[in-house]
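J.: Structure for the following, please:
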Amino acid sequence: MNRNVLMPLALAAVLGCLPGITQACSEGMFNTGKGLAFQGYLAPRPAQVLVYATAPAQESDRLYAGLEKAGHTVTVVHDEAALAAALGQKRYDVVITALDDAEQITASAGAGDSAPRLLPVVARSARNEPQVRDRFEVFLVDGASLGQYLGGINKVLKLGAR
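T.: From the prediction side, this is the model:
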C-alpha cells in the first residue's frame with residue numbers, strides 16, 4: 001500500500017485505542033465518559049400552557065421564554081379577568097399557578113377530561129406539608145429551574161393521559 005494511505009489509517013487506529021478519546025463521524029474529538037455540554041431543552045410533549053402569575057417577575061420572563069423555546073405555547077395572565085378570558089377562549093393542557101390560587105383555577109376551569117391539568121407552585125417551606133402531598137401528585141417548588149418546570153409539565157401530561 002501507498003505510504004500516504006497507511007499513515008492516516010495508522011493514526012486513526014492509534015487514536016481509537018487511546019483511553020477516553022474517540023472520533024465521532026470524523027466531525028471532531030470528544031472525551032468519552034465526560035458528557036457534552038447540554039445545549040437546550042426539548043419538551044417531549046409540547047403543550048398549551050397557561051401561567052397565572054398575580055405578581056409579574058422579570059426573572060420569570062426568561063423561564064417562560066425557555067418553556068416556549070422547548071416547544072410549549074405559553075400564555076401568561078396576571079389578573080382574574082385575564083384568567084377567565086384566557087380559559088374561555090382557548091383550551092389549555094396545563095395551568096401553572098401558585099398553590100394559593102389553585103382553588104380559583106379549579107373553579108374557573110371546570111372539571112372533566114377537557115379541563116386543564118393543574119401544576120401548582122408551592123413555597124419551599126410547604127413542600128412537605130401533608131395537604132400538598134396528599135392533594136397534588138406533581139407540583140413545583142418556588143424557584144424551580146427550567147428543567148424542573150419542563151419535567152413537571154411532562155409528568156402532569158402523562159398523568160392526564162392515563
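
J.: Quick one: mean pLDDT for whichever strand or helix holds Tyr64?
T.: Using DSSP states H and E, Tyr64 maps to helix 58-69. For helix 58-69, mean pLDDT is 89.

J.: what domains does the record give for the protein?
T.: Domain assignment for the chain by automatic domain parsing gives 1-34, 48-161.

J.: tell me the most buried of those?
T.: Highest mean neighbour count among the domains of the chain (mean count of other C-beta atoms under 10 Å): domain 48-161, with a mean of 15. Heads up, the C-betas are built off the backbone N, CA and C, glycines and all.

J.: Leu83 versus the residue nearest to Leu159 when sequence neighbours are not counted, what's the distance?
T.: Spatially, and ignoring its direct neighbours in sequence, Leu159 is nearest to Glu137 (6.3 Å; C-beta to C-beta, 6 or more residues apart in numbering). Glu137 sits 23 Å away from Leu83, going by C-beta to C-beta, to the nearest Å.

J.: In this protein, what residue spans correspond to helices?
T.: Per DSSP state H, the chain carries helices over the ranges 3-17, 58-69, 80-89, 102-109, 130-135, 146-161.

J.: so which of those helices gets nearest Leu50?
T.: Leu50 sits nearest to helix 80-89 of all the helices of the chain, at 5.7 Å, using C-beta to C-beta.
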